[in-house]
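Novice: no FASTA, just this:
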């Protein structure tokens, strides 16, 4: 009996069982490939979230149901399946499996210019952490945004916030929300030390306070086994938290729900004694 089919776009189908196995990024990539197969003439340069999908960037939120491309200013407008971004000067594309895409740095800056700062910082942190692009390359792309150009302020904020020390989407999101909420800039990957020595790291640190995005491993100790029963992990995390408190620091923790909107995380930070100050005190990660 034939498998039930899911339509990716008109004329392109995939088995429902296979579709169910794909995450949202893979589904967007499937849409890209199906759309490109139907296009006539020269393939346009994929950009924005579609370029991000092919580069393997993590994002915050839903992948789009249209393919994003960058084209010359005189190109036709968008359609139900293609979102066209028109520019005066086309960027030099990179190639992924024969498909032209905007380079990593350009893609990240385009995301920032589109108006979602957290999404751009998440992608930017990933890119510089993984060596997909350098901070200098990001700076160069920001410098190419014309004065008064759309989204220039977002690109400049990305330049301020991107940090290769951020180890996860949740950490990048949390730090962006801290900035948006006017909280003091945290130190990242703060060593936890007592009389017996270093016993782990915390995601964020301020004077007298550490902060943790609620991943599954809140206090990461060198040498921890990756495959440990969850109950044991929780007990060890609690022991590390108690040990951290005995050094005299406060501990603030939050999860996805509280970081996504920001307000829940803000309440937790305020209850731990941290107060908003000024976003102007934030400084960018040092360039080499």
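Specialist: Looks like it came in fine. Since the model is a prediction, treat every value here as computed from it, not as a measurement.
Novice: who's in contact with residue 258?
Specialist: By CB atoms under 8 Å, 6 or more residues apart in numbering, the contact set of residue 258 is 264-265, 267-268. Bear in mind the C-beta positions are built from the backbone N, C-alpha and C, glycine included.
Novice: State the helix or strand in which it lies.
Specialist: helix 256-261 (DSSP states H and E).
Novice: Go ahead and build a PyMOL selection from the buried members of the contacts of residue 258.
Specialist: To isolate the buried subset of these in PyMOL, counting by 16 or more other CB atoms under 10 Å, use the following:
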select buried, resi 264+265+268
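Novice: What residues of stretch 19-26 count as buried?
Specialist: 19, 25.
Novice: Please work out which residues outside it touch it.
Specialist: With CB under 8 Å, 6+ apart, stretch 19-26 has contacts from 6, 27, 30, 53, 56, 59, 62-63.
Novice: List buried residues within those residues.
Specialist: Here, 16+ other CB under 10 Å leaves 6, 27, 30, 53, 59, 63 buried among these.
Novice: circling back to that earlier point, got the buried residues for the helix holding residue 258?
Specialist: 258-260.
Novice: do the same with stretch 234-251
Specialist: 236-237, 240-241, 244, 249, 251.
Novice: What is the most widely separated pair among the residues you listed?
Specialist: Using CB to CB, the buried residues of stretch 234-251 reach their maximum pairwise distance at 236 and 249, which is 18.6 Å.
Novice: tell me how far the ends of stretch 6-21 are from each other?
Specialist: 12 Å (CA to CA, to the nearest Å).
Novice: same thing with stretch 247-265?
Specialist: End-to-end for stretch 247-265, by CA to CA: 24 Å.
Novice: Can you say which helix or strand has residue 106 in it?
Specialist: helix 104-113.
Novice: helices or strands next to the following helix or strand past that helix in the packing?
Specialist: Downstream of helix 104-113, the first helix or strand assigned by DSSP H and E is helix 117-129. On a contact count with 3 or more CB pairs under 8 Å, 6 or more residues apart in numbering; DSSP states H and E, helix 117-129 meets helix 104-113, helix 135-144, helix 152-161, helix 169-180.
Novice: mind listing what's buried in the third one?
Specialist: Think helix 152-161. Buried residues in helix 152-161 (16+ other CB under 10 Å): 152, 154-155, 157-161.
Novice: For this protein, which helix extends over the most residues?
Specialist: Longest helix of the chain, by residue count under DSSP state H: helix 230-246.
Novice: Tell me the helix or strand right after it.
Specialist: strand 250-254.
Novice: Tell me the strands beside that next one, with direction?
Specialist: strand 209-213 (parallel) (DSSP bridges).
Novice: ok, for residue 151, nearest residue in space, not its chain neighbours?
Specialist: residue 113 (2.7 Å; CB to CB, 6 or more residues apart in numbering).
Novice: what number of residues lie near the one you found?
Specialist: For residue 113, the count of nearby residues is 22 (other CB atoms under 10 Å).
Novice: and the angle for the helix holding residue 106 with helix 117-129?
Specialist: If you take axes from the mean of the first three to the mean of the last three CA atoms, to 10 degrees, helix 104-113 sits at 160 degrees to helix 117-129.
Novice: element containing residue 61, please.
Specialist: Counting by DSSP H and E, residue 61 is part of no helix or strand.
Novice: Verify the contact between it and residue 119 for me.
Specialist: Yes - counting by CB atoms under 8 Å, residue 61 touches residue 119, with 6.4 Å between them.
Novice: Which one of the two is surrounded by more residues?
Specialist: Legend: neighbour count by other CB under 10 Å for residue 61 and residue 119, higher for residue 119 (24 against 12).
Novice: What separation is there between the more buried one and residue 231?
Specialist: Using CB to CB, to the nearest Å, residue 119 is found at 35 Å from residue 231.
Novice: Over to residue 136?
Specialist: For residue 136, the distance to residue 231 (CB to CB) stands at 46 Å.
Novice: Looking at the two, which is more packed in?
Specialist: More neighbours surround residue 136 than the other of residue 136 and residue 231, with 12 against 8 (other CB under 10 Å).
Novice: Not including adjacent chain positions, what is the nearest residue to that one?
Specialist: residue 287 is the one closest to residue 136 (CB to CB, 6+ apart), at 6.3 Å.
Novice: What mean pLDDT does stretch 50-68 get?
Specialist: Regarding stretch 50-68, the rounded mean pLDDT is 95.
Novice: Repeat that for stretch 149-168.
Specialist: Here the average pLDDT along stretch 149-168 is 96.
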